[in-house]
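*Asks:* Sequence and predicted structure below; questions after.
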Amino acid sequence: MTHISPEDQARVDAIEQALLARWPETRIEPTLERIAALVDMLGSPQLTYPTIHIGGTNGKTTTSRMIDSLLFEMGLRTGRFTSPHLESFLERIAINGQPIGAKEIIFSYNDIAAYLDLMDSQHKHPISFFEAITALAFAAFAEHPIDVGVIEVGMGGLWDATNVVDADVSVIMPIGLDHTEYLGETLAEIASTKAGIIKEGGFVVLAQQEPECAVELLKQAASVGADVAREGIEYSILSRSIAVGGQLLAIQGIKEIYTDIFIPLHGKHQASNAAAALVAVEAFFGDQDLDIDAVRAGFANVTSPGRCEVVHRDPTVILDAAHNPHGAAAIAETIQSEFTFDEVIGIFAAMGDKDVRGILLELEQVMDSIIVTSNSSPRAMDVLALEGLAAEIFGAERTFSALTVTEAIDKALKDCVRPLSEDTIGILLTGSVVTVGEARSILRKKFVKEEK
């Protein structure tokens, strides 16, 4: 992180507060009407560079980061827009792989602020937080300027604010049940909304999907004449082996085979993310071959904060932003297959509107005990209610509680100290992106003090 002057920091904080005063991210009016009118007024900055658009339920952010890293290693200036953020909203808008600088965000915000106010006055509903930050990213990228935009869908696809891009390549990661209040109750309904990012005559990369999702996605691709590459059919993971600090892959792309690819990330699902990212980049470059050294460097340099992220050793503390059963199953499998803990202490805080029971059922397989707590979000599930639910699944003797994430971390660290035992103990902190973002800040401060 570059140093930010106090004046700039104050201005960035004021911008964040102004954005947060708008409709929250979780409140959506399913229409592109406002964002389309807004970008139109701004001169359609999102059409001034080619884009790769990433949708799906799980793996979107990591795949976006991988695509960004690959394109940057290939010599392109990149703009990446992802959500939500872990610690700072500036993480959402990255230029050449780094969070946008304070001066750049201030400039771009000043550039669009008057248009936001004008739109608010013209429409029944004001521009939402997500619409505003999406427009901000598009404007910042055009200003920079970038060679290619890597744009992650916020929610859904068809009416998501990012869907005003005209993507050269769309990527749809595995689809699961999430945000059912907006996207539909069944996988088929959700898939048909998410299929809305597949563009006329474009190219779409489809990671492994449930059959009912695949049908919807392929129907949309056929109706707009998009070329399709499906994991396991047009492209695949040829081999995967666990390596120190990550894994080693060989990937069959749409054009050639890429071997000896190291990614410093844990979990089988990360291999699928890597394969989808590589094929998206292959499709983006069309007939041009990819330089294998750039491919290897792009993957070796990838980071994915809060995704099975080891933030401390001795004890090993792992952060994972899983907030639905599909994500929880992935982290549970990764802990079992790639780590050698004798015991795992879980720390868990989730949003009340999620399938918390479904998540806990997955985590119960790897957590020997669980400390339930609450993060700072107004949507966080109440600790008492969560404790009751966890006790049903884990049993009362394995369930503990703490009022805050800080207290839960302190308790887990204390429980890790076993003077007479040779056991290796891991701490897994999960349940929501907000929980992980808070934990990351708390742990950084805690362990920095120790090192001094």
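*Replies:* Done, it's in.

*Asks:* and the closest residue to residue 47 other than its chain neighbours, what does it touch?
*Replies:* Of all residues not flanking residue 47 in the chain, residue 166 sits nearest, at 6.1 Å (C-beta to C-beta, 6 or more residues apart in numbering). Placement of C-beta: from N, CA and C, glycine included. Neighbouring residues of residue 166 by C-beta atoms under 8 Å, 6 or more residues apart in numbering: 46-47, 51, 199.

*Asks:* This protein - how does it break down into domains?
*Replies:* Recorded structural domains for the chain (assignment: automatic domain parsing) are 6-300, 309-451.

*Asks:* first to last residue in the first one, what's the distance?
*Replies:* Taking C-alpha to C-alpha, to the nearest Å as the measure, domain 6-300 stretches 35 Å from start to finish.

*Asks:* sorry, back to before: which of the contacts of residue 166 lies closest to residue 410?
*Replies:* Checking the contacts of residue 166 against residue 410 by C-beta to C-beta gives residue 51 as the nearest, at 44.3 Å.

*Asks:* sorry, back to before: just send the domains of the chain back as JSON lines, with mean pLDDT too.
*Replies:* Putting the domains of the chain into JSON lines (pLDDT from 0 to 100) gives the following:
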{"stretch": "domain 6-300", "mean pLDDT": "95"}
{"stretch": "domain 309-451", "mean pLDDT": "95"}
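
*Asks:* which of the residues in the strand or helix carrying residue 193 are buried?
*Replies:* Here residue 193, judged by DSSP states H and E, is contained in helix 187-194. Within helix 187-194, the residues that qualify as buried are 187, 190-194, counting by 16 or more other C-beta atoms under 10 Å.

*Asks:* go on, stretch 167-181?
*Replies:* Buried residues in stretch 167-181, counted by 16+ other C-beta under 10 Å: 167-179.

*Asks:* what number of residues lie near residue 448?
*Replies:* Counted with other C-beta atoms under 10 Å, the neighbours of residue 448 add up to 9.

*Asks:* wait, what's in contact with the spatially most central residue of the chain?
*Replies:* With distances taken as C-alpha atoms, centre = their mean, residue 61 lies nearest the centre of the chain, 3.0 Å away. Neighbouring residues of residue 61 by C-beta under 8 Å, 6+ apart: 82-83, 152, 304, 307.

*Asks:* Quick check: ChimeraX command selecting the buried ones in these.
*Replies:* A single ChimeraX command selects the buried members of the contacts of residue 61 (16+ other C-beta under 10 Å):
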select :82,83,152,304,307
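
*Asks:* Now tabulate the contacts of residue 61 in a markdown table and tack on secondary structure and distance to residue 112.
*Replies:* Shown next, in a markdown table, are the contacts of residue 61 (DSSP: H, G, I helix; E, B strand; the rest coil; distance: C-beta to C-beta, whole Å):
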| residue | secondary structure | distance to residue 112 |
| --- | --- | --- |
| 82 | coil | 19 |
| 83 | coil | 18 |
| 152 | strand | 20 |
| 304 | coil | 29 |
| 307 | coil | 31 |
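
*Asks:* helix/strand/coil for the closest residue in space to residue 405 that isn't next to it in sequence?
*Replies:* Nearest-residue entry for residue 405: residue 438, 4.9 Å, with adjacent residues in sequence omitted and distances by C-beta to C-beta, 6+ apart. Put simply, residue 438 is helix when judged by DSSP: H, G, I helix; E, B strand; the rest coil.

*Asks:* Tell me, how many residues neighbour residue 438?
*Replies:* Residues within reach of residue 438, counting by other C-beta under 10 Å, total 23.

*Asks:* State whether residue 346 is indeed within a strand.
*Replies:* Yes: checked against three-state DSSP, residue 346 lies within a strand.

*Asks:* Nearest residue to it in space, ignoring adjacent ones along the chain?
*Replies:* residue 367 (3.5 Å).

*Asks:* and that neighbour, what does it touch?
*Replies:* By C-beta under 8 Å, 6+ apart, the contact list for residue 367 reads 344-346, 394, 398, 428.
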